[in-house]
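K.L.:
Pasting the sequence and the predicted coordinates here, then a few questions.
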Amino acid sequence: MISKTYSPQEIEDKWYAYWMEHRYFSSQPNPDKEPYTIVIPPPNVTGVLHMGHMLNNTIQDILVRKARMEGKEACWVPGTDHASIATEAKVVAMLKEKGINKKDLSREEFITYCWEWTHKYGGIILQQLRKLGASCDWDRTRFTMEPSLYDAVIEVFIDLYEKGDIYRGHRMVNWDPQARTTLSDEEVIAKEVNQKLVYLKYPLVDSESEALTIATTRPETIMADVAICVNPADERYQHLVGQQVLIPLINRAIPIIADEYVEMEFGTGCLKVTPAHDTNDYELGKKHNLPIIDLLNEDGTLNEKAQILVGEDRFVARKKILKLLEEAGNLEKVEEYKSNVGHSERTNAVVEPRLSEQWFLRMERLGKPALDNVLNDTVQLIPPKFKNTYRHWMENIRDWNISRQLWWGHRIPAYYLQDGTVIVARSKREALRKAQHEYQLFALTEEDIRQDDDVLDTWFSSWLWPISVFNGIKEPDNDDIKYYYPTNDLVTAPEILFFWVMRMIVAGYEYRGTYPFKNVYLTGIVRDKLGRKMSKSLGNSPDPLILIEQYGADGVRTGMLFSSPAGNDLPFDEKLVEQGRNFCNKIWNAFRLVKGWEVSAQVPQPGSSQQAVAWFESRLNLALTEVLDLFTKFRISDALNAVYKLIWDDFCSNYLEMIKPGYEQPIDPGTYEATLDFFDRLMRLTHPFMPFITEEIWQNIRERGTSESVCVADYPRPGSIDSTLLGQFEVLAEVVSAIRNLRNTKGLSPKLELPLAIKTDAPEQYQPLEGLLRKLANVAALEYVSEQVEGMSFLVRSDEFFINLAGEIDVEAERENLQKELEYTEGFLNSVMKKLSNERFVQNAKGDVVEKERQKQADAEAKIATIREALARLG
RNA sequence: GGGUUCUUAGCUCAGCUGGUUCAGAGCACCUGCCUUACAAGCAGGGGGUCGGGGGUUCGAAUCCCUCAGGACCCA
């Protein structure tokens, strides 16, 4: 006996192992097949599966499984990303717990710890993906730090350097004092923070009784001030320009300058200029040739240039200096002030603008094809609303700071001679050779040259991902890259559209001369019920593995998908997953029903079953057509919904009820076989969405060979659709529904057989469906009449139906119903007539639209006539 | 402040280039059912002047303007 409820845990591991054993997911270039390729957005090695991954990878799996079943050479490449900052932060924290300080380790020792960490935790997320059913080609698993991908990054750096696209520069960058590294603009998250706007008096050098008041949120940086700037149009201060003021506490004289940059309305209209600690001030300083005083250490503490509060953390110093200023009489007032402050995405530390020596990649030339080919839809963003944002970014693109002051990552292949000369080379040995040749320094040894300490931004490796996973940088003509590249679809989150997707497109055009993927499907962000993004720190995310345990992988997959159109956020609700589980159970029980039937060759096929089979064939083909169309539009959620309704409503509620034999009665072989065939097709159709349960059932529908699997069965293709038949069944459904409604309102048991009379001009419309009508509505006697008869009545389209049950007729209620229906239909007819009597409508509207209106008119008139007759009969 | 985008049933969302009874789906809710596959179920039902206002049109949830509110990106 098959269990009454579907138990996913028992079968999921079994089938995943079966799939792996038969290597259904592994792919080799096959010239006879069309390739279908997806590269996974590589999750961090340090990460664990979260709800975003679940959604994202479910969608990828659906696409790749469908392609595989369609006979394409499907290849889904999995892998992980080394995630410099995130991983290094975790390793540093881990070492700290052990009492080890990163500073006390050599680079090599530290990196050894990183690898240990990677080996220990790096595979977790990939294991978790298996639980979800992900059909990745695991043999192709890649890691951005493995030798071949590492080398690809180095090659690309060298190549771009030699082309002149990479340069070293002194720039204002975003500094994370906690991680002690540079961040890209995208890694800085602006957050609104309550600050104090402090008003400080700077006495004039020439007249000590007079003072200028400036407003600042960063009083601890006044020691790095190099000027006070006012707007030249500001009449309050014009006479002071050119004079000098003294910085409070340290009494250094600085000039008062004028620049239009200063907003007169903000604060007092006087701006303290601190080029080392503010990006705008830096530009202003350059323009006015001002010196730069940097008073912060790497870790955010004040250095000796501050003269006071040396060694204090910037935030401590901010508090302390206020007191000092107050005591010195320089503090005028303090206001509450809200403003956006940049925070590190990884460490949440307040980001410090900082001047430093960094490596940059020029983006102007490289970005051009990446912009053009998205705008002209060579690369399609789904949904397309992201195109505008994308264009806005690309048209304002700035050079990319690619160096990070970390150890875990691809070390910049730049070497310095003692005089600071830079040589970019693959190794120290090559650098030495180059130095000897290019500079005629034959006495030079490896000891005389030093490699750059910094590593490259993580995105500088992941931007090569679609190429480097196929080794396409180092061996641009190898079979894999030629076959699988460009890939087909990329599924990722909109938050990294600029970070990552754009850069992959750039690299694709630069290194393969074409796009890396044809379609970019942007998923939404998974949020909790309160609309907050799910995150570990908020603790508002359910553990996906526990969800899978509770609801089954298929249930979770469908649950995630039920409400997630492309690009729209998904407000997650466990109810959705429950619905997914219930769907599994529904399918399971349908299967139980069918498998429980006894088949007897002695039983002839009832006409009703024959009808039902013909109908469902058309219905299935119609749904297939819809689903395939939805797939081409990447409307995956809608495709799933279409499948859901097809199975639940059409197959289970309608078809199975139509063909179901009586209790403990056998079924005829024709209907049985047709039903198994439907089930087979339904399972194949559903497989990409729900891989496990469909495999379990598909394997049990019929005897299967030892290496067969629904994974590699053909995806169903739509056949012919009999729309006349579909129309007839719609009428049937309406009649059945009306009779059931009648039972409900009259409190009649479904077991009570009812006599039915149909008053119609076209009995032939109903005759073929009589068997089904009897079965579905439990109708006993059925007759056609041309005049009204006694009984409760209802209308379907313009035919009238009577159920003659003595004593059950409520004349008043029926009259009321008819009256309502009459009013509605008359109103409807009225609106139709309004259109038709409008000359301009008849002239301007398309012919078929007008024709439809005329049809509506005829239908409504017929119906009104029927209602009137019925009312007349009731008196 | 600039840009993008959204507002449809209690909730989450579909409604493509304006034209079928177009106002939909799922969930939630209400009523009745332990009917022999499934109570994780079955049958039925109520619920929205499509954010407000204005305009274009024979016709607007759909196009345009405007106001209100939200989201995101950038400064």
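P.N.:
Here it is on my side, so go on. Please read these numbers as outputs of a predicted model, since none were measured by experiment.

K.L.:
Any chance of the backbone angles for the residue nearest the centre of chain A?
P.N.:
Centroid check for chain A by C-alpha atoms, centre = their mean gives A:T523 as the closest residue, at 1.9 Å. Main-chain torsions, A:T523, degrees, to the nearest 10: phi -80, psi 170.

K.L.:
Can you give me the buried ones in the longest helix belonging to chain A?
P.N.:
Counting by DSSP state H, the longest helix found in chain A is helix A:847-874. Within helix A:847-874, the residues that qualify as buried are A:V850, A:E853, A:K856, A:Q857, A:D859, A:A860, A:K863, A:I864, A:T866, A:I867, A:A870, A:R873, counting by 16 or more other C-beta atoms under 10 Å. Every C-beta, even on glycine, is put in place using the N, C-alpha and C of the backbone.

K.L.:
anything in it near RNA strand B?
P.N.:
Yes - part of helix A:847-874 sits near RNA strand B under the criterion C-beta under 7 Å from any atom of the strand, namely A:V849, A:K852, A:K856, A:D859, A:A860, A:K863.

K.L.:
ditto for stretch A:716-724
P.N.:
No - applying C-beta under 7 Å from any atom of the strand, one finds stretch A:716-724 out of contact with RNA strand B, separated by at least 10.3 Å.

K.L.:
what's the offset of that stretch from the middle of its chain?
P.N.:
34 Å (C-alpha atoms, centre = their mean, to the nearest Å).

K.L.:
returning to what we had before: let me know whether the residue nearest to the centre of chain A touches A:I496 as I believe.
P.N.:
No - counting by C-beta atoms under 8 Å, A:T523 does not reach A:I496; the two are 11.0 Å apart.

K.L.:
Could you confirm A:L212 falls within a helix?
P.N.:
No - applying DSSP: H, G, I helix; E, B strand; the rest coil, one finds A:L212 to be strand, outside a helix.

K.L.:
And it, how close does it get to A:L129?
P.N.:
Distance of A:L212 to A:L129, computed by C-beta to C-beta, to the nearest Å: 62 Å.

K.L.:
what does A:V594 give?
P.N.:
Separation of A:V594 from A:L129 (C-beta to C-beta): 33 Å.

K.L.:
Have a look at these two and say which one is more surrounded.
P.N.:
Neighbours were counted for A:V594 and for A:L129 using other C-beta atoms under 10 Å; A:L129 has more, 22 against 19.

K.L.:
Give me the neighbour count for the nearest residue to that one once chain neighbours are set aside.
P.N.:
Sequence neighbours aside, A:N57 is the residue nearest to A:L129 in space, at 5.8 Å (criterion: C-beta to C-beta, 6 or more residues apart in numbering). Other residues lying near A:N57 total 27 when counted by other C-beta under 10 Å.

K.L.:
what do you get for the one 4 residues further on?
P.N.:
As a burial measure, the neighbour count of A:D61 was computed by other C-beta under 10 Å and equals 23.

K.L.:
hang on, it is in a helix, isn't it?
P.N.:
Yes - counting by three-state DSSP, A:D61 falls inside a helix.

K.L.:
mind listing what it touches?
P.N.:
By C-beta atoms under 8 Å, 6 or more residues apart in numbering, the contact set of A:D61 is A:W76, A:L132, A:G133, A:A134, A:S135, A:R557, A:P688, A:P691.

K.L.:
What's the first helix or strand after the one helix or strand the first one maps to?
P.N.:
Under the assignment given by DSSP states H and E, the secondary-structure element containing A:W76 is strand A:73-77. Next helix or strand after strand A:73-77 toward the C-terminus (DSSP H and E): strand A:79-80.

K.L.:
what's that following strand packed up against?
P.N.:
Under the contact criterion of 3 or more C-beta pairs under 8 Å, 6 or more residues apart in numbering; DSSP states H and E, strand A:79-80 touches strand A:142-143.

K.L.:
contacts for the strand it packs on?
P.N.:
A:42, A:45, A:77-82, A:118, A:122, A:149, A:468-469.

K.L.:
For RNA strand B, what's its nearest residue on the stretch 451-600 of chain A.
P.N.:
A:N582 (3.0 Å; C-beta to the nearest atom of the strand).

K.L.:
mind checking pLDDT for that residue?
P.N.:
A:N582 carries a pLDDT value of 94.

K.L.:
Sticking with the closest residue to it other than its chain neighbours, tell me its helix or strand.
P.N.:
The shortest distance from A:N582 to any non-neighbouring residue, by C-beta to C-beta, 6+ apart, is to A:G555 (7.9 Å). If you go by DSSP H and E, A:G555 is part of helix A:553-562.

K.L.:
Quick one: low-confidence residue ranges for chain A.
P.N.:
Filtered on pLDDT under 70, chain A yields the residue ranges A:1, A:186, A:208, A:529-531, A:535-538, A:564-567, A:806-809, A:875.

K.L.:
from the buried residues of helix A:847-874, which is closest to RNA strand B?
P.N.:
If you rank those by distance to RNA strand B using C-beta to the nearest atom of the strand, A:K856 comes first, at 4.1 Å.

K.L.:
and the closest one, how far is that from A:R797?
P.N.:
Taking C-beta to C-beta, one finds A:K856 at 12 Å from A:R797.

K.L.:
Ok, A:G311 next?
P.N.:
Counting by C-beta to C-beta, the gap from A:G311 to A:R797 is 89 Å.

K.L.:
out of those two, which sits in the more crowded spot?
P.N.:
More neighbours surround A:R797 than the other of A:G311 and A:R797, with 15 against 12 (other C-beta under 10 Å).

K.L.:
For the stretch 751-875 of chain A, list the residues in contact with RNA strand B, please.
P.N.:
Proximity of the stretch 751-875 of chain A to RNA strand B, by C-beta under 7 Å from any atom of the strand, involves residues A:825, A:828, A:832, A:835, A:838, A:840-841, A:844-846, A:849, A:852, A:856, A:859-860, A:863.

K.L.:
wait, isn't A:T558 in contact with A:F583?
P.N.:
Yes - between A:T558 and A:F583 there is a contact under C-beta under 8 Å: 5.9 Å.
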